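Colleague: What follows is a predicted protein model with its sequence.
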There are 2 protein chains.
Amino acid sequence: MPEQDDVFPVEPWCLRETALHEPLLSRSESLLALSNGHIGVRANLDEGEPHGLPGTYLNSVYELRPLPYAEAGYGYPESGQSLIDVTNGKIMRLLVDDEPFDVRYGDLIFHERVLDFRAGTLTRRAEWRSPADRTVRVTTTRLVSFTHRSIVAIEYVVEPVDAAARVVVQSELVANEVLPGPVHDDPRVSSALENPLRSVEHSAAGTSGALLHETKQSGLRVATAMSHLLDAPDGVDVDVRGESFPDLSRVTFTAALEPGQRLRVVKLVSYGWSAERSVPALRDQVAAALTGAEQTGWECLLSDQRAYLDDYWDGAEIELDGDPALQQAVRFALFHVLQSGARAERRPIPAKGLTGPGYDGHCFWDTEAFVLPPLTRTAPGAASDFLRWRYDTLPEARDRARQLGLAGAAFPWRTIDGAECSAYWPAGTAAFHVNADIADAVVRYCDATADEQFAEDIGVELLVETARLWRSLGHYDEAVDEFRIDGVTGPDEYSAVADNNVYTNLMAQRNLEAAADAVARYPGAARRLLVDDEEAEAWQRCARAVVVPYDEKLGVHPQADGFTRLAVWDFESTEPEHYPLMLHYPYFDIYRKQVVKQADLVMALHRRGDAFTAEQKARNFAYYEGLTVRDSSLSACTQAVVAAEVGHLDLAYAYTAEAAFTDLHDLKSNTGDGLHMASLAGVWVALVDGFGGLRDEGATLRFSPRLPNGLRRLAFTVRHHGCRVRVETDGRQATYSMAPAEGHDEEKLEIFHHGEPVTLAPGSSVTRPVPALQPPPRPRQPPGREPLPRQVHDEPPPRRPHRADRGGRSWAARHPESAPHSD
Amino acid sequence: MPEQDDVFPVEPWCLRETALHEPLLSRSESLLALSNGHIGVRANLDEGEPHGLPGTYLNSVYELRPLPYAEAGYGYPESGQSLIDVTNGKIMRLLVDDEPFDVRYGDLIFHERVLDFRAGTLTRRAEWRSPADRTVRVTTTRLVSFTHRSIVAIEYVVEPVDAAARVVVQSELVANEVLPGPVHDDPRVSSALENPLRSVEHSAAGTSGALLHETKQSGLRVATAMSHLLDAPDGVDVDVRGESFPDLSRVTFTAALEPGQRLRVVKLVSYGWSAERSVPALRDQVAAALTGAEQTGWECLLSDQRAYLDDYWDGAEIELDGDPALQQAVRFALFHVLQSGARAERRPIPAKGLTGPGYDGHCFWDTEAFVLPPLTRTAPGAASDFLRWRYDTLPEARDRARQLGLAGAAFPWRTIDGAECSAYWPAGTAAFHVNADIADAVVRYCDATADEQFAEDIGVELLVETARLWRSLGHYDEAVDEFRIDGVTGPDEYSAVADNNVYTNLMAQRNLEAAADAVARYPGAARRLLVDDEEAEAWQRCARAVVVPYDEKLGVHPQADGFTRLAVWDFESTEPEHYPLMLHYPYFDIYRKQVVKQADLVMALHRRGDAFTAEQKARNFAYYEGLTVRDSSLSACTQAVVAAEVGHLDLAYAYTAEAAFTDLHDLKSNTGDGLHMASLAGVWVALVDGFGGLRDEGATLRFSPRLPNGLRRLAFTVRHHGCRVRVETDGRQATYSMAPAEGHDEEKLEIFHHGEPVTLAPGSSVTRPVPALQPPPRPRQPPGREPLPRQVHDEPPPRRPHRADRGGRSWAARHPESAPHSD
């Protein structure tokens, strides 16, 4: 296996894959995936094969599958949902003098793919000699449009190099692709998910084609249409013909080219789906989207894409000096976070975005807890859209609460369409904290945007229905004035079904308080939701009385009642290859020991820092460091934030890097199934909340910037009430400035720097010194589970020439005429 | 639906079904089932139809089936085991002038079935008029031999009543019977269990026939053979012919009979099965068993059966004055308990015995905790055989412990062959108390029998391996000298995965102490098992330090850590039809509330009474009465015992009756799936440990007899060290006597009466007064879950004439010549 840096060199604004390695294909397909949140396409090769895992996804297009139970129980969901691989519109096969272009045969002289974070494109450049000794250059550029939500566009250019050749380009739509391996261990589940699409109609005419399918169980219709713009050298005849079958629509372009002559085909693909709309309506929808894209044209699609991203980066960019690899990773991360949500538009943001089928394409609490904080501060529209999706699923959440004997709304642990799909309740349904995480995201969004309309139309109802859940789920004991929440599972999946999980209780407290505040602020909404004084007072009473267990003897908070009395996991005897523990030890054993999969109490220190003293934070952090094995990708960023807060800056740096390289270095060995969206978003959290020290509870921004050894400068921008607030620090001092919201050119903004108020005015900057820090003794992690210390790369390592399977000159050096679209 | 008493009148020594009701067939088939613990046959009609559920079982003949998981986890068992319906040898069809005898057609003039507890037979008498107006009498008697382990025998007698008739009797072996309804909700599981037998060979010759099958997955071979003895009136020619097919072997008898002439066929069926033995060996085995039974002959099989039972009842009988229905129920219960274990012989005793397919035919802790106490005191050989079966499964239990990361042996929660079949670990694997229950049964058996050979060969190893489990499962915290057992499930299935379940901890304590004692007493065995001083001392240390949580404020023991702080279930709002709760509420909700499915802490009060003061027992009992809903049949008998101990005699009586009538009155609405063996055994426990006040921890018998209003007299016998100790009380005084063990005619026995020592000598009796009781205030149960108060029937109700579908005279009255085999 080649080294990471050999294949993906460090560059500031792109991810460049310098060579193809078949065993790494799955990983590359995820890393280089394109998405706008509505459509997702894995970076499968144009010609379809070889592949790791073919994947084209439409947000919320899923198939139902049985959830089998050997011993069923009341309230267990009977069917699950799986994101399906829909019609593949990116297939463009090439024949060179009847020899299929296939990198596994002949000689691949050069191969490079570049994901450009500013252009929003994936460009591929290949030079290939066929077994019959014909050499061609193929250059393709692919985008999933941020501005045309339904459109995937591909520019395909082929050129014979050393001799004339007859080239045939087959541009296709392919449904029901064969996926490698069994889809699921259970044959019943597999059979439900194999060939999930049933053909409704198919067509091909001129340079156009279309396929219309429906899913068998979930009753969704999916339409895909394509059209092509052709560009051939003068005097070259191109034969065009189309044909279609139930699962295939194909347009074939044939031309005889001399060396240096290029055939260029721009393929536009539009996707549409619906559970409601008729076949003609759907057919028209994709045709219309195609027409719109044709009118826009390839060049304009490209420039719109870049303009969209320019605007994004203007408010989202994070600059780092001293660690070019981390700089690249941050941009990679933010690019993918944007891709996951940009045009999701009242649809979920799955844990893997639309980059792979991992976790069945389900959306979890990850989105509220990890992905929404950066989106709220960099692309607030996407955050709002996501919360509107949660709002749209309130009917399912209310039904689920009724089924569980609870009031209000019980949002699902994992879902695509709003219905609970979790088949193991101790680590699913019992993780009620998802409801408080949703409420917290609502409060955070409202505080960050002051979006009154959202608050009144959407926010209040989400807060009220989740507060109602907590009141019915908890147990107010009048005799001792305590509000207890028993038998629930917190964030840490190595504990389950415990009483008074501190994170859950504190987040529920915030939820209850926020609901009481909201109904006071929006009395109309309160009336609409039938909230009376008794109810609002009960929320306040429960919030006030919420139990927060504390271990007086150890001086730390147990993660839940009794946690610190449990036996500590025998880390010394645990072999390194026995991590992640849940694959090598039974749940019963993991649950009853002190061992933490992912930040839980430490997450409470971050999200509810107001509930702890500085000393408690330091002691708690040190205690849980010794127990946390990070078998989840949802841990490192939170540990980074709290490590930074309690003064362990180098440790925070190590955790930040771990979050940042989770996918780039495939630390969990499953990047091939899709990217870890929460971990990617966590890089932002680690840098902004960690080294930037951002705390934004309430409508005020508080910063406490500090830098670890190795980082010379950190600068970032966050959006707040329409302003853009920029923070820049070199570790010794911090400089704040703001760009005001449109129409509020005179408005000032009060923020805090290390607890001191600072007033920002448009157009000027304020610099304050960073207070000195006495670093506390570094805590210990379980043996073998320490994060890798971050190696300080003061300068970027000397740039290696791009490697290729043979040859060695870079594409640009050898083909100065081939101006890249992005670099 | 007819009233219970209309169909099953109260009689002292039998269960008589006076009429056939198709909707009640399943229930009757269970109630009237015959078994010797090796073979079980449900009381299906001879002619096979109509049936509730056909069932013929061989102990440990099961098929493997997949255990599906929507979300699997480490250590989850992959395949389960299901007891299968094997070849049905009891089919005897009758044609009367070409009209099949079928109670659904023509007129059933009379129909009666009698299960005789002293004869060990099921007798059926029917008089039927065919649609063609031919009337026949059919009398059949069936037994599953206690003395010939492999033999089922049937005497079939048919006689035309009013006109000559040609009768054809088809005696059959039928494999792969069609069972009603889907076998399982999951189609994969169903398909594994439908037609589980694959034919290996089949034969028919003369009056004999045989079928040999094997199971598809579990690799077991099953052989069934039959032969017949024919008895026809002089001058009547009987045509006999045999034929066989893969799933059918048939011998047909045809004769023309005048009115009053009887054709009598005695059918002998022998069963054999093996996972190891070859086809020829198995073929010979069933042939040999058949030859043995032929030599014994029908009359002798009958008399041997009666002699076996005479001996059993001599040491097992319980006499009651004042409640004839309960008297009948007790004998019914003890008869079935004996049937479940008599000849199980190192095979499991399933929760339903061999009376039905309920719980997949699995054996649970029920057997040790409920069935073994009466077996140990009435049929100790059966108790010893069962514990030898557990011993034989030590390899599987050691493997399971290794898989779970534990030392020693982890016995399965549910199994047939010793491998864990529990697919829901919080209520399966986590219920580790099964290991302490096994150890307790070992100690109890040794104390009751003084069987030194068993103790040294079998007992020590079971105690040592379970003690090793506890030591590794628990957590000895040196700092506070506490031994904690966290994250386990106690008997109450409405709580799961809690810390320091009192029952579990106290039973583990006994287990650890018993292991330490045993290795001291049997140093040879200790050496063989590599137990050194350190290990034995560690067991003692853990036992001494075991945590027993106590709620000082309430003055009661919480069932487990924190239990008494949980919200109390909202009983007031729970509709009566929402019981059992687990079918109407999710586990997560049930687990986190104070609601008790079945005695748990109260079971600790019974089994570890030495660990509680009398005041604690009274307070604990009253507290848990208010929380216990008895959604399990494993509760009433324990509540009866402790209610009696703390002075609630009428309440104890009500619980005793509930245990006694669980199946006779189908209180759980599932008697059709098989009898509740633990509840049946629980009647003995309720009467002997409850009203008899037997406590036998250590090698001494302690009695504290008391009677509730309504019971005028209770007498019972228990076996102890080879003696039989008889206790008789009228509630005011108690009389004790003993029959010495063979060869110990002079030996005296010291027992205790209400705490006072009493010395018994062979041949004389001792009478002592029963101390007065100040009854405490009666505790309250959850509303609607109170046990039915036991109505006092001072005299048996006036005997109704047997009802029949038409006519009305009893069989005996109308056919004085037909001497019944049992009445």
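Modeller: Thanks, I have it. Residues are numbered from 1 along each chain as shown, chains lettered A, B, ... in the order given.

Colleague: C-alpha only now, for contacts and for neighbours.
Modeller: Fine.

Colleague: Chain B contacts on chain A?
Modeller: Contacts of chain A with chain B, taken as C-alpha under 8 Å from any C-alpha of the partner chain, map to A:67-71, A:73-76, A:186, A:188, A:404-405, A:423-426, A:430, A:475, A:486-488, A:497, A:566-567, A:582-589, A:591-592.

Colleague: repeat that for 6 Å
Modeller: Contact residues (C-alpha under 6 Å from any C-alpha of the partner chain) of chain A with chain B: A:67-70, A:74-75, A:423, A:486-487, A:583, A:585-586, A:592.

Colleague: Put the buried members of those into a ChimeraX selection.
Modeller: Buried residues within the residues of chain A next to chain B, by 16 or more other C-alpha atoms under 10 Å in any protein chain shown, are selected in ChimeraX with:
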select /A:67,68,69,70,75,423,486,487,585,586,592
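
Colleague: As a markdown table, the residues of chain A next to chain B with pLDDT and secondary structure would be great.
Modeller: Output for those, formatted as a markdown table (pLDDT from 0 to 100; DSSP: H, G, I helix; E, B strand; the rest coil):
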| residue | pLDDT | secondary structure |
| --- | --- | --- |
| A:L67 | 91 | coil |
| A:P68 | 88 | coil |
| A:Y69 | 89 | strand |
| A:A70 | 88 | coil |
| A:Y74 | 93 | coil |
| A:G75 | 92 | coil |
| A:A423 | 92 | coil |
| A:D486 | 97 | coil |
| A:G487 | 96 | coil |
| A:L583 | 94 | helix |
| A:Y585 | 96 | coil |
| A:P586 | 96 | coil |
| A:R592 | 96 | coil |
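
Colleague: Tell me where the model's unsure across the stretch 1-150 of chain A.
Modeller: Residue ranges of the stretch 1-150 of chain A with pLDDT under 70: A:1-5.

Colleague: where along it do the helices fall?
Modeller: Taking DSSP state H, counting those that start in this stretch as the test, the helices found in the stretch 1-150 of chain A are A:4-7, A:25-31.

Colleague: Just the residues contacting the last one, thanks.
Modeller: Spelled out, that is helix A:25-31. Where contact means C-alpha atoms under 6 Å, 6 or more residues apart in numbering or on different chains, the residues beyond helix A:25-31 that reach it are A:42-44, A:52-53, A:355, A:671-672, A:674.

Colleague: give me that answer again for 8 Å
Modeller: If you take C-alpha atoms under 8 Å, 6 or more residues apart in numbering or on different chains as the criterion, helix A:25-31 is touched by A:17, A:42-44, A:51-53, A:355-356, A:663-664, A:666, A:670-675.

Colleague: Let me see the contact set for the residue nearest to the spatial centre of chain A.
Modeller: Nearest to the geometric centre of chain A sits A:M677, at 2.6 Å (C-alpha atoms, centre = their mean). Applying C-alpha under 8 Å, 6+ apart, one finds that A:M677 lies in contact with A:336-337, A:340, A:351-353, A:371.

Colleague: Kindly report the same for A:L651.
Modeller: Contacts of A:L651 by C-alpha under 8 Å, 6+ apart are A:640, A:643-644, A:787, A:789.

Colleague: Now go through those residues and say which are in helices.
Modeller: Those of the contacts of A:L651 mapping onto helices are A:640, A:643-644, per DSSP state H.

Colleague: With pLDDT and neighbour count added, can I get those residues in TSV?
Modeller: What follows is the ones in helices among the contacts of A:L651, written out as TSV (pLDDT from 0 to 100; neighbours: other C-alpha atoms under 10 Å in any protein chain shown):
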residue	pLDDT	neighbour count
A:A640	98	31
A:A643	98	29
A:A644	98	27
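
Colleague: ok, so what distance separates A:Y736 from chain B?
Modeller: Applying C-alpha to the nearest C-alpha, to the nearest Å, the value for A:Y736 to chain B is 49 Å.

Colleague: can you tell me the helix or strand for that residue?
Modeller: strand A:733-739 (DSSP states H and E).

Colleague: Give me the phi and psi for A:V269.
Modeller: A:V269 adopts backbone torsions of phi -120, psi 130, taken as degrees, to the nearest 10.

Colleague: typo on my end, it should be A:L749
Modeller: phi -140, psi 130.

Colleague: who are the neighbours in contact with the nearest residue to A:S171 once chain neighbours are set aside?
Modeller: Nearest non-adjacent residue to A:S171, counting by C-alpha to C-alpha, 6 or more residues apart in numbering or on different chains: A:M92, 4.4 Å away. For A:M92, the contacting residues are A:46-48, A:169-172, by C-alpha under 8 Å, 6+ apart.

Colleague: For chain B, see how far away A:M92 is.
Modeller: 37 Å.

Colleague: just the ones in helices among the contacts of A:L651 now: which is nearest B:L263?
Modeller: Taking C-alpha to C-alpha as the measure, B:L263 lies nearest A:A640 of these, at 90.8 Å.

Colleague: quick one on the thing from earlier: so what does the strand holding A:Y736 touch, helix or strand wise?
Modeller: Other helices and strands packing on strand A:733-739, by 3 or more C-alpha pairs under 8 Å, 6 or more residues apart in numbering or on different chains; DSSP states H and E, are strand A:723-729, strand A:756-760, strand A:765-769.

Colleague: For the first one, which outside residues touch it?
Modeller: Counting contacts by C-alpha under 8 Å, 6+ apart, the residues outside strand A:723-729 that touch it are A:315, A:692, A:705-707, A:713-719, A:734-742.

Colleague: Would you write a ChimeraX line that selects the buried entries of these?
Modeller: Here is the ChimeraX selection string for the buried members of the contacts of strand A:723-729, based on 16+ other C-alpha under 10 Å:
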select /A:315,692,705,706,707,713,714,715,716,717,718,719,734,735,736,737,738,739,740,741
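
Colleague: Might you report the residue contacts of A:A739?
Modeller: For A:A739, the contact set (C-alpha under 8 Å, 6+ apart) comprises A:723-725, A:762-763.

Colleague: A:Q594 now?
Modeller: Contacts of A:Q594 by C-alpha under 8 Å, 6+ apart are A:563-564, A:566-569, A:627.

Colleague: and which of those residues is nearest to chain B?
Modeller: Distance to chain B across the contacts of A:Q594 (C-alpha to the nearest C-alpha) is lowest for A:A567, with 6.1 Å.

Colleague: Could you tell me how many residues sit around A:A678?
Modeller: 29 (other C-alpha atoms under 10 Å in any protein chain shown).

Colleague: Could you look up the SS state of it?
Modeller: The three-state label given to A:A678 by DSSP: H, G, I helix; E, B strand; the rest coil is helix.

Colleague: Tell me how far it lies from A:V371.
Modeller: Per C-alpha to C-alpha, to the nearest Å, A:A678 is found 6 Å from A:V371.

Colleague: Strands - which of the contacts of A:Q594 land there?
Modeller: When the contacts of A:Q594 are checked against strands (DSSP state E), the matches are A:567-568.

Colleague: is it true that A:V371 touches A:V337?
Modeller: Yes - counting by C-alpha atoms under 8 Å, A:V337 is a contact partner of A:V371 at 7.1 Å.

Colleague: neighbour count winner among those two?
Modeller: Comparing A:V371 with A:V337 by other C-alpha under 10 Å, the one with more neighbours is A:V337, at 31 against 27.
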